[in-house]
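Participant: predicted model follows, preceded by the sequence.
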Amino acid sequence: MSKVLYSVILPYAVFIVCFVPILSNYYFDVPMLRSIDAELRNWSTLIGLTAMFLGLANITIYYYRETKRRKHMEWQFGVYSIILTYAWIIYGLSQGGLTSSAYNQIYVFVKGHSEAAQIGLLTFFFVTAAFRTFRAKNIQALVLLTFAFITFIGVAPWGEQVWSGWPAFSEWILVGITMAGSRAILIAASVGLVAMVVRIVLRYEKGGLIRG
Amino acid sequence: MSVFLRGRIADFLIFVVLFVSTWLATRLARMGKGREIRPIPALDAIYEGIGRAAEMGRPAFMTPGAGDVGRAPVVAGLAILDVMATQCAKLDVPLLTVFGQGALGAAEMIVAEAYRREGKPELYSPGKQVLFFSGDQYARTAGEAGLFQREKPALNVFVGDFYSEMLYIGEAGARVGAMQIGGTIQQLGIPLMAITMDYLMIGEEMFAVAASITRDPVQTGSIMAQDVGKMILLSISIIGVIAMLLGSKIMIDLLST
């Protein structure tokens, strides 16, 4: 009984208590709903902050144990991660956090270079994926290839030299044909999303989250 | 003075119609008056892919991208994870998953529960199967590409929020010869999935997971309700276009009331 209470009934009750006022606040202009909505969002922020502190404690303990055992090859990354995390926190707090330009610059420079390195690693995948893209295996791939070719030429600096109407034609494909298709997909997906929400509310969804 | 916020009356009415039609359709389905839905090949292929992984002695992989549990595509991804974890536990196939920080706890719970349900809790290794690489889009992508190279999964399933990184992950999976299944509602991700996946779910198909896989009448009933919703929205679109061609903005005025 207690297992059902904690794993099914209680989470569902919390879900309904939070879901109904937030959804109602989206539709209705009622001051009380607005304040409940704001209160629930504040709680959400507080829960998030608590989870962040728990996460910090968790990774510290985890990497401390991993480093002590040195069982896996990756233990050095754990040391690096912990040193960097605490260095950022201490430096950020001592320099005034986001208001400090030095703190922001270090963040941007470190993150920028890390991201460039990661994308550099993945560039080879991009080249082979591009090759895969341009193999017209079936009629759908041929249509994709044809439209990709037209839009590529349209946005290329020399596209206009080939045919003056090419950029406009390319633009028409993007804002006309593509937009119509995209909106059809988006509308159908939105309907599917609402239906899924209704299934969760009525407890018909067997997606693992609301079980029982 | 209206109790509704401006522009939300039509939203509310559509939501109510969808809510009631879902409820009614599921009631009808429970009474045996439901109807069959068309099979979605991508979802059926999940079972085939896990069987393939069992035969090859290689793991299966699943990720919903980096979103958290507040994102509907990630919830659909969690539903697929539940199905995959159950089937992997049945066939003793190692399941690897990568989740963002906002859905990691839910994923761990689902996978552990699936192994327990199948009577094989010892096959679940906490911290080794449900992985977290990074909150950063491309750091996660690089981690997943590395995982594919090391573990060489036989089946890769990508259902959730995917953007430009899809090309890289899809290509990395294709290079190790994995059977690949993808599904997203992101317009940037769909064409990239079309290029690199063997099976593709576009838009709403991924929200019909449970119904399509289990063929549960209650679930299929809700798919009928979705059709009702689409008919309503399609009618609004067609009437709106005709009204605009005739020079009337009646539909825009109605929807913005």
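Facilitator: Received it, and whenever you're ready, just let me know what you need. Numbering: from 1, shown residues only, chains lettered A, B, ... in the order given.

Participant: residues contacting A:Ser101?
Facilitator: With contacts defined as Cβ atoms under 8 Å, 6 or more residues apart in numbering or on different chains, A:Ser101 has no neighbours. Every C-beta, even on glycine, is put in place using the N, C-alpha and C of the backbone.

Participant: got the domain ranges for chain A?
Facilitator: A:1-95, A:96-133, A:136-212 (automatic domain parsing).

Participant: give the buried residues for the helix or strand where A:Thr123 lies.
Facilitator: Assigned by DSSP states H and E, A:Thr123 belongs to helix A:101-133. Judged by neighbour count using 16 or more other Cβ atoms under 10 Å in any protein chain shown, the buried positions of helix A:101-133 are A:Tyr103, A:Gln118, A:Ile119, A:Leu122, A:Phe125, A:Ala129, A:Arg132, A:Thr133.

Participant: try stretch B:76-91
Facilitator: Buried residues in stretch B:76-91, counted by 16+ other Cβ under 10 Å: B:76-89.

Participant: quick one: low-confidence parts of chain A?
Facilitator: A:1, A:73, A:136-137, A:205-212 (pLDDT under 70).

Participant: which parts of it are helices?
Facilitator: For chain A, helices defined by DSSP state H occupy the ranges A:2-4, A:10-27, A:31-69, A:75-95, A:101-133, A:139-155, A:159-162, A:166-172, A:179-201.

Participant: most tightly packed of the ones you listed?
Facilitator: Neighbour counts (mean count of other Cβ atoms under 10 Å in any protein chain shown) averaged over each of those peak at helix A:179-201, with a mean of 19.

Participant: of the buried residues of stretch B:76-91, which is the nearest to A:Pro11?
Facilitator: Nearest to A:Pro11 among these is B:Leu78, at 14.1 Å by Cβ to Cβ.

Participant: how far off centre is the helix or strand that contains the closest one?
Facilitator: If you go by DSSP H and E, B:Leu78 is part of helix B:72-91. Mean-position distance between helix B:72-91 and its chain equals 10 Å (Cα atoms, centre = their mean, to the nearest Å).

Participant: and residue 170, what does it touch?
Facilitator: Assuming you mean chain A. By Cβ under 8 Å, 6+ apart, the neighbours of A:Ser170 are A:Ile150, A:Thr151, A:Ile153, A:Gly154, A:Val155, A:Gly159.

Participant: I was thinking of chain B, sorry if that wasn't clear
Facilitator: Going by Cβ under 8 Å, 6+ apart, B:Gly170 touches A:Ala129, B:Phe158, B:Gln180, B:Gly182, B:Leu192, B:Met193, B:Ile195, B:Thr196, B:Met197.

Participant: what about 6 Å?
Facilitator: Counting by Cβ atoms under 6 Å, 6 or more residues apart in numbering or on different chains, B:Gly170 touches B:Thr196.

Participant: what pLDDT is listed against it?
Facilitator: Looking at B:Gly170, its pLDDT reads 91.

Participant: ok, now the one 3 residues further on?
Facilitator: As predicted, B:Gly173 sits at a pLDDT of 93.

Participant: now it: how far from chain A?
Facilitator: Using Cβ to the nearest Cβ, to the nearest Å, one obtains 10 Å as the distance from B:Gly173 to chain A.

Participant: can you check what angle separates the host helix or strand of that residue from helix A:101-133?
Facilitator: Under the criterion of DSSP H and E, B:Gly173 resides in helix B:165-175. With axes from the mean of the first three to the mean of the last three Cα atoms, to 10 degrees defining the directions, helix B:165-175 sits at 50 degrees from helix A:101-133.

Participant: how far does helix B:165-175 sit from the chain's center?
Facilitator: On Cα atoms, centre = their mean, the centre of helix B:165-175 falls 18 Å from the chain's centre.

Participant: render the CA-only coordinates of it in PDB, please.
Facilitator: Taking C-alpha atoms only, helix B:165-175 is exported to PDB below (Å, rounded to 0.1, in the frame of the first residue of the first chain):
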ATOM      1  CA  GLU B 165      23.600  17.800 -33.800                       C
ATOM      2  CA  MET B 166      21.400  15.100 -35.400                       C
ATOM      3  CA  LEU B 167      23.500  15.000 -38.500                       C
ATOM      4  CA  TYR B 168      26.600  14.200 -36.500                       C
ATOM      5  CA  ILE B 169      25.000  11.600 -34.200                       C
ATOM      6  CA  GLY B 170      23.100  10.000 -37.000                       C
ATOM      7  CA  GLU B 171      26.300   9.700 -39.100                       C
ATOM      8  CA  ALA B 172      28.300   8.400 -36.200                       C
ATOM      9  CA  GLY B 173      25.600   5.600 -35.700                       C
ATOM     10  CA  ALA B 174      25.500   4.900 -39.500                       C
ATOM     11  CA  ARG B 175      29.300   4.400 -39.600                       C
END
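
Participant: what's downstream of it, the next helix or strand?
Facilitator: Immediately after helix B:165-175, counting by DSSP H and E, sits strand B:179-184.

Participant: that next one: partners in the sheet, and parallel or antiparallel?
Facilitator: Note on strand B:179-184: by DSSP bridges, its sheet partners are strand B:155-161 (parallel), strand B:199-202 (parallel).

Participant: which of the ones you listed has the highest mean neighbour count?
Facilitator: Buried most deeply of the strands paired with strand B:179-184, by mean count of other Cβ under 10 Å, is strand B:155-161, with a mean of 28.

Participant: quick one: mean pLDDT over that strand.
Facilitator: On average, strand B:155-161 scores 94.

Participant: would you mind listing what in chain A touches chain B?
Facilitator: Residues of chain A found near chain B (Cβ under 6 Å from any Cβ of the partner chain) are A:27-29, A:115, A:118-119, A:121-122, A:125, A:128-129, A:133, A:182, A:185, A:187-189, A:191-196, A:198-199, A:204, A:206-208.

Participant: helices along chain B, start to end?
Facilitator: B:9-30, B:41-56, B:72-91, B:104-117, B:137-151, B:165-175, B:189-196, B:209-214, B:217-245, B:250-255.

Participant: list of residues touching the third one?
Facilitator: Judged by Cβ under 6 Å, 6+ apart, the contacts made with helix B:72-91 from elsewhere in the structure are A:193, A:207-208, B:50, B:54, B:60, B:62, B:64, B:67, B:95, B:103, B:106, B:110-111, B:114-115, B:118, B:120, B:159-161, B:185, B:206-207, B:209-210, B:213.

Participant: for the first one, same thing?
Facilitator: Surrounding helix B:9-30, the residues in contact under the criterion Cβ under 6 Å, 6+ apart are A:27, A:194-195, A:198, B:217-218, B:221-222, B:224-225, B:228-229, B:255, B:257.

Participant: so which of those residues comes closest to B:Ser2?
Facilitator: The shortest approach to B:Ser2 among these belongs to B:Thr257, at 8.6 Å (Cβ to Cβ).
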